[in-house]
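1. Turn this into a structure:
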Amino acid sequence: MLKSLMNERKTKVAILSQQLFELMLSYSSRCNLYLQV
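-> This next block holds a predicted model:
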């Protein structure tokens, strides 16, 4: 029971970090576009 809860939490954290990483990538690319103009 406890192990499954930990695995669920790990996957949630992994998904959140992945979304955060993609958000940072899109944000940095947008900033690069602004800097190039």
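2. Distance check, residue 31 against residue 18.
-> 21 Å (Cβ to Cβ, to the nearest Å). Placement of C-beta: from N, CA and C, glycine included.
3. Next up, identify which helix or strand residue 29 is on.
-> Using DSSP states H and E, residue 29 falls within helix 2-36.
4. What average pLDDT does that helix get?
-> Mean pLDDT, helix 2-36: 90.
5. just how off-centre is it within its chain?
-> Distance of helix 2-36 from its chain centroid, counting by Cα atoms, centre = their mean, to the nearest Å, is 0 Å.
6. Show me what counts as buried in stretch 21-33.
-> By 16 or more other Cβ atoms under 10 Å, stretch 21-33 has no buried positions at all.
7. what about residue 5, neighbour count?
-> Neighbours of residue 5 under the rule other Cβ atoms under 10 Å: 9.
8. Look up how far residue 12 lies from it.
-> Distance from residue 5 to residue 12, by Cβ to Cβ: 11 Å.
9. for residue 23, same thing?
-> Taking Cβ to Cβ, one finds residue 23 at 16 Å from residue 12.
10. And residue 28, by the same measure?
-> 25 Å.
11. Good, we can wrap up now.
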